[in-house]
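Q: quick one, what's the 3D model for this:
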Amino acid sequence: MPAILRPRALRSGDLVVVAAPSGRLEPGEEPLLARGVAILERMGFRVRVSPMVNPARNRWWASGTPAEQADELNVLLRDPEVRAIIAHTGGQATIGYLDLIDLDAIRADPKPILGYSDISLLHMALYAKTGLVGFHADIATHGFGSDWYTLGNEARRAELVDLYTRVLTKAEAPGVLPAMGAWETWRPGRAQGPLFGGLLNRLVLLQATPFAPAAERFEGAVLFWEEVQRPASRIWNDLHTLRLSGVLDRIAGMVVGIPAEVTPYEGGGERAGLRDVVLDVLARRDIPVLAQVDFGHTSPNLPLPLGVRAHVDADNQTLSLIESAVAEG
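A: Numbering: from 1, shown residues only. Presented below is the predicted three-dimensional model:
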């Protein structure tokens, strides 16, 4: 199992590239992209937009063919001037080119890759194969350029700009992550362990591939996940998949993001929501569960770096990063 591989800490003025490793840029989204670029510049970085982030570049639901998307990513991974890669959006395409990624380029020059949703599949796969710390964090177009404005305010934007900048540029523990909404205790307790997770259905999808994380990756881990556009019954099935694969017997704690369009079961006079199905599958496993945490498809995302040790305190409803996500350059 590869050791954790921290990217080099970014510096003010470093070049970061907004890329299209999954979905296309839809016509009319250019203003959102421009606003997202401005947020990255506010963090102190130079920003370049990849040619594939273009409404004219698309293939079905993706920004290109798997080979084209892998080529874009590999060029950025091999370019020493590029210090970070930010996905402009999520989508449905990442699994198509996992086997085409230049893993040696990642090992030679690890760089932060930022994104959530389908991009979490990329984070989990690369962490499994190389130990790379991937950043489950906001995307440029719909995150920095949209949710940071429609779901947040200037005070929250300033707070997040400071947080992201510290996480990416300082080789030190960021500490307690700032909550915007009210977090919930679904099961009390405290735990420490390396973060691992992303979009739940992508984690389950990854389990059927050679890029599935080794069972040891879950030993003592803090599993974080979110879900979008799924019924509670589907989430119940996916969580049972993790139970049957032994994941839930290994983790030290669980952090659940803000669900988006997750519909409860209602039938026969019974109702089962997300909290109900989570606690049902966990059964008697005595682990803390902190929920409604600020990440997912309906919230400006707190940055959650895979492999970095975190402390989850479900009693006091806090989540802290207790070691650095980046290494001194």
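Q: wait, what's in contact with Ile86?
A: Shown in contact with Ile86 (Cβ atoms under 8 Å, 6 or more residues apart in numbering): Val16, Val17, Val18, Ala19, Leu40, Ile113, Leu114, Gly115, Ile139, Ala140. All C-beta atoms are positioned from the backbone trio N, CA, C, and that covers glycine.
Q: those in strands, which ones?
A: Val16, Val17, Val18, Ala19, Ile113, Leu114, Gly115 (DSSP state E).
Q: ok, back up a step: what subset of the contacts of Ile86 is buried?
A: Val16, Val17, Val18, Ala19, Leu40, Ile113, Leu114, Gly115, Ile139, Ala140 (16 or more other Cβ atoms under 10 Å).
Q: please name the nearest non-neighbouring residue to the last one.
A: Counting by Cβ to Cβ, 6 or more residues apart in numbering, Ala140 lies nearest to Gly36, which is 3.7 Å off, once chain neighbours are set aside.
Q: ditto for the fourth one
A: Computed as Cβ to Cβ, 6+ apart, the closest residue to Ala19 that is not its neighbour in sequence is Ser50, at 4.4 Å.
Q: need the contact list for the one you found.
A: Val17, Val18, Ala19, Ala20, Glu72, Leu76.
Q: got the domain ranges for the protein?
A: 15-169, 175-321 (automatic domain parsing).
Q: surely Gly36 and Arg157 touch.
A: No: at 11.8 Å, Gly36 does not count as touching Arg157 under the criterion of Cβ atoms under 8 Å.
Q: the stretch 151-300 of the chain: helices as residue ranges?
A: 154-169, 200-206, 232-244, 247-250, 274-282 (DSSP state H, counting those that start in this stretch).
Q: out of those, flag the one nearest Ala93.
A: Among the helices of the stretch 151-300 of the chain, helix 200-206 comes nearest to Ala93, with 11.8 Å by Cβ to Cβ.
Q: would you mind pulling the contact partners of the closest one?
A: 95, 118, 120-121, 124-125, 128, 197, 212-213, 225-227, 230, 234-235, 238-239, 241-242.
Q: does Arg48 touch Leu15 like I think?
A: Yes: here Arg48 reaches Leu15: they are 6.2 Å apart, a contact under Cβ under 8 Å.
Q: now the strand or helix carrying Leu77 and strand 15-19, what's the angle there?
A: Using DSSP states H and E, Leu77 sits within helix 66-78. Here helix 66-78 runs at an angle of 170 degrees relative to strand 15-19 (axes from the mean of the first three to the mean of the last three Cα atoms, to 10 degrees).
Q: what's the following helix or strand after helix 66-78?
A: Trace forward from helix 66-78 with DSSP H and E and the next one is strand 82-87.
Q: ok, that following strand: who's next to it in the sheet?
A: Strand 82-87 has these partner strands in its sheet, going by DSSP bridges: strand 15-19 (parallel), strand 113-115 (parallel).
Q: and the average pLDDT for that strand is what?
A: Averaged across strand 82-87, pLDDT comes to 98.
Q: using CSV, list the CA coordinates for that strand.
A: Only the C-alpha atoms of strand 82-87 are listed here, as CSV (Å, rounded to 0.1, in the frame of the first residue of the first chain):
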residue,chain,number,x,y,z
VAL,A,82,1.6,23.8,-13.4
ARG,A,83,1.3,23.6,-9.6
ALA,A,84,-2.3,22.6,-9.2
ILE,A,85,-5.3,21.3,-11.2
ILE,A,86,-8.8,22.4,-10.5
ALA,A,87,-11.8,20.7,-12.2
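Q: quick one on the thing from earlier: and the ones in strands among the contacts of Ile86, which is closest to Ala310?
A: Using Cβ to Cβ, the ones in strands among the contacts of Ile86 come closest to Ala310 at Leu114, 17.6 Å.
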